[in-house]
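> Can you look at this prediction? I've put the sequence above it.
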Amino acid sequence: MRTSPLIVAALAGCLAFPASASASASASPARPPSAHGCALKGATGWTDEGHDTDPVRFRRATGTHRVLTLFADFPDARATGPTAPYAAHLAPAADWLREASYGRARLEVTPLHRWIRMPAPSASYGFRRGLTFEAHERYLRDAVTAAEPYADFSRYDMVYVVPAREASEISFSPAYLFDPATPGVTADGTRVRWAVTFGQDMWRWGHKVAAHETGHLFGLPDLYAFTGETHRHVGGWDVMGDIAGTAPQYLGWHSWKLGWTRDDQVACLGAPGRRTVRLTPVERPGGTKIAVVRAGRTRAYVAESRRAEGNDEGAPSTGVLIYEVDSATPTGEGPVRVVRARAHAPGESFTDPVAGVRVDVVAGGGRGDVVRVVRWKSASAGAV
C-alpha cells in the first residue's frame, strides 16, 4: 500500500493546506476569442477565481464522480443507530449538483453501510481551528485503512467520511486534496486524491455542505470572509458563500470556470466598447449565462440573471446580479464581491468610474434579463 494526498481543509471558516500548495497551476486549454479576453489567470497558487485550475491537484468538475461514503465511529464515541439516516441526509446533494451543473456533473454515491471503528479517540484528531494538513491526513488515512477490508477503493474517485453524531469532537467538514509531493494515502493500490471529511456541522448546513466542500475539490475558493462579518462579500448568492442561504446556485462565473457553462454562453467585453446582451437565468439550462467586462489583469465585472426564491437576507433575488471577480484575492478574503445585497431591476445601473465599467439593466421578464455593458477605459489583458 502507498499513499499521496494533498489536503484542503475547507470548513465554515478556514481552508487548511500543505506547504507545497503554493506551487503554480498548469495552464488551461486555449479558449475561443469570444471568451478568451475575459478569462482570468489565477494569481494565488491555490483555490482562486482563475480559469487555469491545476488539472492534477484538483478534480475535474465535469462528468461522473464515483464517491464512496464511509461512516466512522470512535472508541470514545460509539454509534448507537444505523447509518441509513446519515446517508439520507446527504443524498439530495447528488440531485442538487446535477441540476446546478446543467447535468454536466454527477455524483454517483455508494454508501458503505457499516460503522468503521477508528483506531483513536475522536478528540485525538485535533478538529479545531487551525487543523493541520498532517492531522487531517492522519484522520483520513485511519478511516480508509479501517474500511479497506470492506470496500474496493480502486472503484472510486472520491471518498466521503461521515462521523457518528456521538462524535462531537469532529465538529466541522474540511475538504482534502492530495499533495503530489508527499506519500499520502493509498488503498487497494489506488491513491486517495480527493475526500471530504464531514463533521457535526453537516446537520446544521444540510446536504448543500457536500456541494460546498466538493466545490473545493474542483478548485473553488471560499466566498465567505474568514475575518469580520462572515457573509459580507456574497451573502447567500453562491453555495461557496453562505451554504444555508436560500439563493445559492453556483455563480455563473463559477459555472464557467468549472466547464458547466460553455465559452459560447459567455458574452465578453475584453476591450473598450459596449454590448447589449440577453441573459437567461443561471438557475435554468441554455442561453447566454454571463456578461463579463474585463477590468484589469486579474479583475472583471460579471452580470447574470437570477430567478431564485430569495436570498439569505430575504431581499429580492429576481433580476440582475452584478459582482466583481479578482483572481489575485485569496480564498476567504473576498475573491468575489457582489456590488449590493439584492439583484438589480430594469432601469437600474452600476458604475465603477475607476475601472471605466458600467452595467445597465435594460429590461427584465420571466425568461431572463437584458443588460448593456460598457467599458470606456483600456485595461491590461493578461488573459489565460
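All right, it came through fine. Nothing here was measured: the structure is a model prediction, and the numbers come from that model.
> all contacts plus neighbour counts: C-alpha atoms, from now on.
OK.
> can you map out the helices along the stretch 1-150 of the chain?
For the stretch 1-150 of the chain, the helices defined by DSSP state H, counting those that start in this stretch cover 33-36, 84-90, 92-100, 133-147.
> how about those helices, which one is nearest D238?
helix 92-100 (10.9 Å; Cα to Cα).
> quick revisit: right, so the helices of the stretch 1-150 of the chain: which one is the most enclosed?
Among these, helix 133-147 has the highest mean neighbour count (mean count of other Cα atoms under 10 Å), at a mean of 20.
> Turn the helices of the stretch 1-150 of the chain into CSV, including mean pLDDT and distance to V239.
What follows is the helices of the stretch 1-150 of the chain, written out as CSV (pLDDT from 0 to 100; distance: least, Cα to Cα, whole Å):
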stretch, mean pLDDT, distance to V239
helix 33-36, 64, 25
helix 84-90, 98, 15
helix 92-100, 96, 10
helix 133-147, 97, 23
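> of all those, which lies closest to W203?
Nearest of those (Cα to Cα): helix 84-90, 8.0 Å.
> Restricting the selection to alpha carbons, write that closest one to PDB.
C-alpha atoms of helix 84-90 as PDB (Å, rounded to 0.1, in the frame of the first residue of the first chain):
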ATOM      1  CA  ALA A  84     -29.100   5.000   6.800                       C
ATOM      2  CA  PRO A  85     -30.200   8.400   8.200                       C
ATOM      3  CA  TYR A  86     -26.700   9.800   7.700                       C
ATOM      4  CA  ALA A  87     -26.700   8.700   4.000                       C
ATOM      5  CA  ALA A  88     -30.300  10.100   3.500                       C
ATOM      6  CA  HIS A  89     -29.300  13.400   5.000                       C
ATOM      7  CA  LEU A  90     -26.600  14.000   2.400                       C
END
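> I'd like the numbering to begin with 20 instead of 1 from here.
With the count now opening at 20, the last piece we talked about shows up as helix 103-109.
> Tell me where the model's unsure across the stretch 170-319 of the chain.
265 (pLDDT under 70).
> residue boundaries of the strands in it?
Counting by DSSP state E, counting those that start in this stretch, one finds strands in the stretch 170-319 of the chain at the ranges 177-182, 194-196, 205-206, 209-210, 213-216, 285-288, 292-298, 309-313, 318-326.
> Same list (those strands) but as CSV, adding mean neighbour count and distance to A360.
Output for the strands of the stretch 170-319 of the chain, formatted as CSV (neighbours: other Cα atoms under 10 Å; distance: least, Cα to Cα, whole Å):
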stretch, mean neighbour count, distance to A360
strand 177-182, 24, 33
strand 194-196, 30, 28
strand 205-206, 20, 45
strand 209-210, 19, 43
strand 213-216, 27, 30
strand 285-288, 24, 23
strand 292-298, 19, 20
strand 309-313, 29, 18
strand 318-326, 27, 13
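> how about these in a markdown table, adding distance to I341?
Shown next, in a markdown table, are the strands of the stretch 170-319 of the chain (distance: least, Cα to Cα, whole Å):
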| stretch | distance to I341 |
| --- | --- |
| strand 177-182 | 34 |
| strand 194-196 | 29 |
| strand 205-206 | 44 |
| strand 209-210 | 41 |
| strand 213-216 | 31 |
| strand 285-288 | 14 |
| strand 292-298 | 12 |
| strand 309-313 | 10 |
| strand 318-326 | 5 |
